[in-house]
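Student: sequence unknown, structure follows:
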């Protein structure tokens, strides 16, 4: 590729006090020169009508020189410049911030950081980014970032949402005034709101709000499935601290409703308006501290009465005994035990 250059040399005062030589070179070979006379400080100007036509690769609106050498120089320049095709860059020369070069191999361009890009891309209904990366390799990434705080940081300039990607030991760390994260299945109805208000997770879907599976066992549960609040296999349980052994817990089957199941049953007798009913030994302490935890149903030979506390049971049985005019024997059953808050 031929390199064209123009050199200007100020003339000695003995030849011209206000002039200079203009010399043209092709690959450091002189093509000719001419004297430029100027009033004041020597320089080069482009007047209106004498333009560089970069599309046509030529100098336009410039009359053909009268001198044969100057005309040949102009024709040579037009021929050389006009013969350079457009298209991809096939060779580069190393320079400031640029390493590499030649006609093949990689070229590294060193840029000042932070690199700030500003512009307008995309339109309504057709969003686009200022940076678009496509990796055609099946094992590649579109964008890869590494940092001591996070691999990436993204923020909505029109809202409060922002997120760190690859932050600490978290895959995604998201924040927002409405929620921390929002996930949706594009071709189905399921979506979830994470960190929404005072909820950890809110799930929605036409089939259910959520599904949880134990991979090591067979247990699974669907939450808000059809008309059921919980739908799954296995039993419903709750865990309570052991009243005597602090490092142990007790797992109870949790019947929900008087018609579902019975915790325990027994026989009792109303004496002087009061019945002493033994409670389950393993959670006796919990019931003693919170009497309302246990709900007793008295099954009598003559009447059926129900009380939510021992005091209510005593009053109901006393009224029944007075009504019947006798001391009544009855069979109590515990249908419900509310789980107190566990110690963490």
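Tutor: Thanks, I have it. Everything quoted here is computed from the prediction, not taken from an experiment.
Student: which residues touch residue 212?
Tutor: Contact analysis of residue 212 by Cβ atoms under 8 Å, 6 or more residues apart in numbering lists 220, 221, 223. Just so you know, the C-beta spots here come from the backbone N, C-alpha and C atoms, and that holds for glycine as well.
Student: buried set for the helix or strand containing it?
Tutor: For residue 212, the enclosing helix or strand under DSSP states H and E is strand 210-213. By 16 or more other Cβ atoms under 10 Å, the buried positions in strand 210-213 come out as 210, 211.
Student: how does this protein divide into domains?
Tutor: 4-82, 264-337 (automatic domain parsing).
Student: which of those comes out lowest on mean pLDDT?
Tutor: With a mean of 54, domain 264-337 has the lowest mean pLDDT of these.
Student: distance of the closest residue to residue 135 other than its chain neighbours relative to residue 233?
Tutor: Beyond its immediate neighbours in the sequence, the residue positioned closest to residue 135 (Cβ to Cβ, 6 or more residues apart in numbering) is residue 142, lying 5.3 Å away. Taking Cβ to Cβ, to the nearest Å as the measure, residue 142 falls 42 Å from residue 233.
Student: over to residue 146?
Tutor: 45 Å.
Student: ditto for residue 208
Tutor: Distance from residue 208 to residue 233, by Cβ to Cβ: 15 Å.
Student: these two: who's more crowded?
Tutor: Between residue 208 and residue 233, counted using other Cβ atoms under 10 Å, the more crowded position is residue 208 (17 against 8).
Student: which helix or which strand is home to the more buried one?
Tutor: Applying DSSP H and E, one finds residue 208 in no helix or strand.
Student: residue 183 too?
Tutor: Assigned by DSSP H and E, residue 183 falls in strand 179-184.
Student: what's in contact with that strand?
Tutor: Contact with strand 179-184 is made by 163, 172, 174, 190, 191, 192, 193, 194, 195, 196, 197, as judged by Cβ under 8 Å, 6+ apart.
Student: of those residues, grab the buried ones for ChimeraX.
Tutor: Listed next is the ChimeraX selection for buried residues among the contacts of strand 179-184, using 16+ other Cβ under 10 Å:
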select :163,174,190,192,193,194,195,196
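Student: if we can go back for a sec, can you redo the contacts of residue 212 as TSV with pLDDT and distance to residue 76?
Tutor: What follows is the contacts of residue 212, written out as TSV (pLDDT from 0 to 100; distance: Cβ to Cβ, whole Å):
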residue	pLDDT	distance to residue 76
220	91	84
221	92	85
223	92	83
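Student: show the buried residues in those residues.
Tutor: Using 16+ other Cβ under 10 Å as the burial test, those include 221, 223 as buried.
Student: of the contacts of residue 212, which is the nearest to residue 5?
Tutor: residue 223 (77.5 Å; Cβ to Cβ).
Student: now do the SS call for residue 111.
Tutor: coil (DSSP: H, G, I helix; E, B strand; the rest coil).
Student: residue 131 versus that one, what's the distance?
Tutor: Distance from residue 111 to residue 131, by Cβ to Cβ: 13 Å.
Student: one more: residue 180?
Tutor: In terms of Cβ to Cβ, residue 180 sits 25 Å off from residue 131.
Student: next, count neighbours for the closest residue to residue 119 other than its chain neighbours.
Tutor: The shortest distance from residue 119 to any non-neighbouring residue, by Cβ to Cβ, 6+ apart, is to residue 130 (5.7 Å). Residues lying near residue 130 (other Cβ under 10 Å) number 10.
Student: with residue 77 instead?
Tutor: Residue 77: 18 neighbours (other Cβ under 10 Å).
Student: and if you look at residue 153?
Tutor: Residue 153 has 14 nearby residues by other Cβ under 10 Å.
Student: please list all residues in contact with it.
Tutor: So residue 153 contacts 162, 163, 164, 165 (Cβ under 8 Å, 6+ apart).
Student: do that again at 7 Å, thanks
Tutor: Each residue near residue 153 by Cβ atoms under 7 Å, 6 or more residues apart in numbering is listed here: residue 164.
Student: surely it forms part of a strand?
Tutor: Yes - according to three-state DSSP, the state of residue 153 is that of a strand.
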